[in-house]
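[1] need coordinates for the below:
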Amino acid sequence: MHIRAARDHAFDLIQSNREPKLLKRPSKSELSRRAGLKPFHFTRCFNDDPMFRELWRIADNLDLVMKYGR
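    Residues are numbered from 1 along each chain as shown. A predicted model of the protein is given here:
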């Protein structure tokens, strides 16, 4: 969800003739709170599933965010 919002935010900035910028990426502890998980369970997801790591990396890269889902 965050990556899509960040992508939409970047394109909205472009449409208003401004430089695209990333939305601040939520911290892992904030994401665990939103998901209703204990922080150690959420960290374990990152350690066990390469897709979580990849999404985390994408969320911190403007070019990748703008390409996401297109």
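[2] tell me the first helix or strand C-terminal of the lowest-mean-pLDDT helix or strand in the chain.
    Least confident helix or strand, the chain: helix 39-48 with a mean of 85, by mean pLDDT, DSSP states H and E. Remark: after helix 39-48, the chain's next helix or strand is helix 50-58, criterion DSSP states H and E.
[3] show me what that following helix is packed against.
    Using 3 or more Cβ pairs under 8 Å, 6 or more residues apart in numbering; DSSP states H and E, the elements in contact with helix 50-58 are helix 39-48, helix 62-67. The C-beta positions use only the backbone N, C-alpha and C, and glycine is treated the same way.
[4] quick one: mean pLDDT over it.
    Regarding helix 50-58, the rounded mean pLDDT is 91.
[5] hmm, who's touching it?
    Contact with helix 50-58 is made by 3, 25, 45-46, 64-65, 68, as judged by Cβ atoms under 8 Å, 6 or more residues apart in numbering.
[6] please report how far the most centrally placed residue in the chain lies from residue 17.
    For the chain, the residue nearest the mean C-alpha position is residue 59 (3.3 Å; Cα atoms, centre = their mean). According to Cβ to Cβ, to the nearest Å, residue 59 and residue 17 sit 25 Å apart.
[7] residue 51 too?
    35 Å.
[8] looking at these two, which is more packed in?
    The residue with more neighbours, out of residue 51 and residue 17, is residue 51; 9 against 6, by other Cβ atoms under 10 Å.
[9] what about that one, distance to residue 57?
    Taking Cβ to Cβ, one finds residue 51 at 11 Å from residue 57.
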